[in-house]
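[1] based on what follows, work out the 3D shape:
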Amino acid sequence: MRKRLLSLLVGLSVIFGLVLPVGAAQAGLSDVEANAWYAQDVSWCVEHGLMDGTSGQTFSPDQPAVRAVLVEALYCQAGSPEPEQSATFSDVAPDSPYYRAVSWAAEKRITTGYGGGRFGGGDPVTREQFAAFLWRAAGEPNPGESESFADQARISGYAVSAVVWARSQGIIKGKARNQFDPQARISRAEAAAMFHRWLEQNTDNENKGDPAKAAR
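    Numbers count the residues shown, from 1 in each chain. The predicted model follows:
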């Protein structure tokens with residue numbers, strides 16, 4: 001999984017000029033304060049190989065998270081299965097380091113890309129887009145009910161159920177004054193927090209009714 005992530009990020013650093021992350025083993029993250037709200041989430045994601053630092057000592061928590069990296073992380077978390085269909089995005093070549101991840105994500109309808117047949121691997125992910133990624137990766141469960149955000153009307157139609165579900169599951173907690181800020185770019189810190197909560201929620205659901213698993 002780590003080799004695949006590093007391969008992805010090498011390719012992205014060349015294509016998009018992104019800062020190349022380093023492995024979790026080197027993560028003495030000087031820009032993640034111990035009392036930061038996202039500190040435990042970042043540590044967990046780095047430890048489990050979902051996200052790495054952006055240098056030997058930094059995580060860049062406020063830097064935007066990009067589409068290819070988050071899709072690759074979801075793909076690796078799913079076990080890196082061989083996709084049955086190939087991606088047809090005009091900007092994802094067969095020799096791209098994230099070709100299999102994007103093909104898998106498109107096959108599972110986790111992402112449908114942009115208009116014009118583009119995937120936009122180096123583009124920042126918005127908060128509502130990431131909620132939709134996680135909801136689709138979870139199988140589009142019934143969103144249930146949750147308190148509406150003050151800016152609920154600004155959420156794009158495709159993401160409404162995803163955001164309601166994510167909030168009902170505690171994956172999204174919103175911002176000050178009950179704002180979701182759906183079109184804002186999701187930061188690396190926010191992505192780490194949502195990943196962590198989402199995976200904990202999936203684990204809790206899998207362990208329900210199985211005391212042996214729940215005790216592990």
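
[2] buried sites along stretch 67-87?
    Residues of stretch 67-87 classed as buried under the neighbour-count rule (16 or more other CB atoms under 10 Å) are 67-77, 83, 87. Every residue, glycine included, has its C-beta placed from N, CA and C.

[3] what's the answer for stretch 48-56, then?
    Buried, per 16+ other CB under 10 Å, within stretch 48-56: His48, Gly49, Leu50, Met51, Asp52, Gly53, Thr54, Ser55.

[4] relative to Phe133, which of these is nearest.
    Proximity of those to Phe133 (CB to CB) peaks at Leu50, which lies at 13.2 Å.

[5] who touches that closest one in this structure?
    By CB atoms under 8 Å, 6 or more residues apart in numbering, Leu50 lies in contact with Ala73, Cys76, Gln77, Ala192, Phe195.

[6] can you rerun that using 7 Å?
    Listed by CB atoms under 7 Å, 6 or more residues apart in numbering, the contact set of Leu50 reads Ala73, Gln77, Phe195.

[7] any idea how far it is from Trp44?
    Leu50 sits 8 Å away from Trp44, going by CB to CB, to the nearest Å.

[8] what is in contact with those two at once?
    Common neighbours of Leu50 and Trp44 (CB under 7 Å, 6+ apart) do not exist.

[9] of the contacts of Leu50, which belong to helices?
    Ala73, Gln77, Phe195 (DSSP state H).

[10] with pLDDT and distance to Ala132 as added columns, please give the residues you listed in TSV.
    Shown next, in TSV, are the ones in helices among the contacts of Leu50 (pLDDT from 0 to 100; distance: CB to CB, whole Å):
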residue	pLDDT	distance to Ala132
Ala73	87	15
Gln77	87	16
Phe195	92	14
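
[11] export those to a markdown table and tack on distance to Ala138?
    Converted to a markdown table, these look like this (distance: CB to CB, whole Å):
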| residue | distance to Ala138 |
| --- | --- |
| Ala73 | 15 |
| Gln77 | 11 |
| Phe195 | 12 |
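
[12] closest to Ala93 out of these?
    Distance to Ala93 across the ones in helices among the contacts of Leu50 (CB to CB) is lowest for Ala73, with 20.7 Å.
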